[in-house]
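**Student:** pasting the sequence and the predicted model now:
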Amino acid sequence: MSNWSDYGIHKGLFLWPALWVFVAWAVFGFEYAADLNLGKYGLLPRSTEQWYGVLTLPSLHGDLNHITSNTISLFFVGVLIRYTFPNLFDRIWLLSLVLPGIMLWFIGRPSLHIGASAWLSALVSFVFFSGVLRGHIKLLAQ
């Protein structure tokens, strides 16, 4: 019987993606249970008063469909990147979390932005362009 680690599967493979999913659902659950609207803490482009929106943006979601689609996608893309690029994962994960929010702060339309879609797009773009630059057909097919 083979060991899971022979295939690159280890306990830490699911840790960061699962942790983010837990945080996002905890924030969503708290918002729902307390009957709050935390969306006001999202990202408002070019507003120095809401600079923190760059960091809160991925944890806030509008409804059940929004959080479900973001967390399922981010979990699997996160596991894929953790499995494929174990040495780069931490940098990719954090840069993909922060850079889209910073870019959105500069070029976004003047309304509140919430959700992890920009983060997800950055991660998927990394996977795709890594496949292009490395000539790795399996990454392109993901």
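**Tutor:** Ah, there it is.
**Student:** for the chain, give me the ranges with low pLDDT.
**Tutor:** Filtered on pLDDT under 70, the chain yields the residue ranges 1-11, 139-142.
**Student:** name the residues that touch the longest helix that it contains?
**Tutor:** What stands out as the longest helix in the chain, according to DSSP state H, is helix 64-84. Among residues not part of helix 64-84, those counted as contacts by CB atoms under 8 Å, 6 or more residues apart in numbering are 8-9, 12-14, 16-18, 20-21, 24-25, 28, 58, 61, 89, 92-93, 115-117, 119-120, 123-124, 126-127, 130, 139, 142. Every residue, glycine included, has its C-beta placed from N, CA and C.
**Student:** the next helix or strand after that helix vs helix 64-84, what angle?
**Tutor:** As assigned by DSSP states H and E, the chain's next helix or strand after helix 64-84 is helix 89-107. Angle between the axes of helix 89-107 and helix 64-84 is 140 degrees (criterion: axes from the mean of the first three to the mean of the last three CA atoms, to 10 degrees).
**Student:** counting contacts, what elements does helix 89-107 pack onto?
**Tutor:** helix 53-56, helix 64-84, helix 117-134 (3 or more CB pairs under 8 Å, 6 or more residues apart in numbering; DSSP states H and E).
**Student:** report the buried residues of the first one.
**Tutor:** Neighbour counts over helix 53-56 (16 or more other CB atoms under 10 Å) mark G53, V54, T56 as buried.
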